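Undergrad: just coords:
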């Protein structure tokens, strides 16, 4: 095992993807099942996401789902990747995480993002109409103030006040600046756009201000990692998600995951084919040896302390096998650093 891989943490983010012919309830139960397996394999943390009004995603209430995951596991850290802070009042978010930390002490992470909805209709239903970095920074400061007992509102968040729930900022572009000024760990995604990712990491490190939450920069890179017995099998794991993204780009709807064989046999328009092929390119996919090399390169290039894996595919057993193979590649050794 390389020194970069051995010194990094590896964690899992699951978005509770619905499979074609399946239900949201099944997808949520699959998330809990995956969390148990991630814990057994030794991954450091298991996070769940927030999506609203998306046909192919059941994960709409991350703190509720995080509670179910924490109750079904015993030691793995559990959190959100993330709660979209513009959709909620900071007081309510503080209270929710205060309850989680009180029930599962020392295991809860608070990943926070600033996306405001997938479509105009969803944004209207949430009462949001823009993605404002400065407003997010103010909301973030208010939220953290509730934990520190320093909120300018004069309100005390019960039972959050006095508790330590590690916060992380999901960031690209201006979000990196917000994370740096607040002195918080940053989660940055899209392995396919390395230049943009590296620019965000550089901005974050250059502007980082030490805080009570983190004395130094802490970078988590997030993206798809698919591992199988052959390169072809690993690439096929990417097919359902790539097709769903192509549908989202061409038809405005992110559908449930379909079997890879059905997608590969489908006639696609030129536009669909373009987005589909783009979704397959640039991902970390291959055999255990190939993925080990790719991760080593990624960690050296970014200097990241942690990798958050977000793989989705139709075949549940193939997905579990991919994580088992990944655990062998990385040894799931947990390094020192933020919780």
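TA: Good, I have the coordinates. Keep in mind the model is a prediction, meaning the values are calculated, not measured.
Undergrad: how about the host helix or strand of residue 199: buried residues?
TA: Using DSSP states H and E, residue 199 maps to helix 194-207. By neighbour count on 16 or more other Cβ atoms under 10 Å, the buried set for helix 194-207 is 197, 200, 201, 203, 204. C-beta coordinates here come from the backbone N, C-alpha and C atoms, glycine included.
Undergrad: For the nearest residue to the fourth one once chain neighbours are set aside, give me its contacts.
TA: Once its chain neighbours are removed from consideration, residue 203 has its nearest residue in residue 176; the separation is 4.6 Å (Cβ to Cβ, 6 or more residues apart in numbering). Under the criterion of Cβ atoms under 8 Å, 6 or more residues apart in numbering, the contact list for residue 176 reads 186, 188, 200, 201, 203, 204, 207.
Undergrad: Just after the helix holding residue 199, pick out the following helix or strand.
TA: That would be, after helix 194-207 and using DSSP H and E, strand 219-223.
Undergrad: Quick check, residue 248 in contact with residue 272.
TA: No: Residue 248 is beyond contact range of residue 272, at 10.9 Å (criterion: Cβ atoms under 8 Å).
Undergrad: on that earlier part again, please identify which pair of the contacts of residue 176 lies farthest apart.
TA: 188 and 207 (13.9 Å; Cβ to Cβ).
Undergrad: Just the pLDDT for residue 283.
TA: pLDDT for residue 283: 90.
Undergrad: Please report how far the residue nearest to residue 203 lies from residue 101.
TA: Distance, residue 176 to residue 101, using Cβ to Cβ, to the nearest Å: 26 Å.
Undergrad: Equivalent analysis for residue 158, please.
TA: With Cβ to Cβ as the criterion, residue 158 and residue 101 are 12 Å apart.
Undergrad: go on, residue 292?
TA: 35 Å.
Undergrad: Out of those two, name the residue with the larger neighbour count.
TA: More crowded of residue 292 and residue 101, by other Cβ atoms under 10 Å: residue 101, with 22 against 19.
Undergrad: Let me know the helix or strand that the more buried one is in.
TA: helix 90-103.
Undergrad: Show me what that helix is packed up against.
TA: Packing contacts for helix 90-103, counted by 3 or more Cβ pairs under 8 Å, 6 or more residues apart in numbering; DSSP states H and E, involve helix 62-72, strand 110-113, helix 133-148.
Undergrad: change it to 10 Å
TA: When contacts are defined as 3 or more Cβ pairs under 10 Å, 6 or more residues apart in numbering; DSSP states H and E, helix 90-103 packs onto helix 62-72, strand 77-80, strand 83-84, strand 110-113, helix 133-148.
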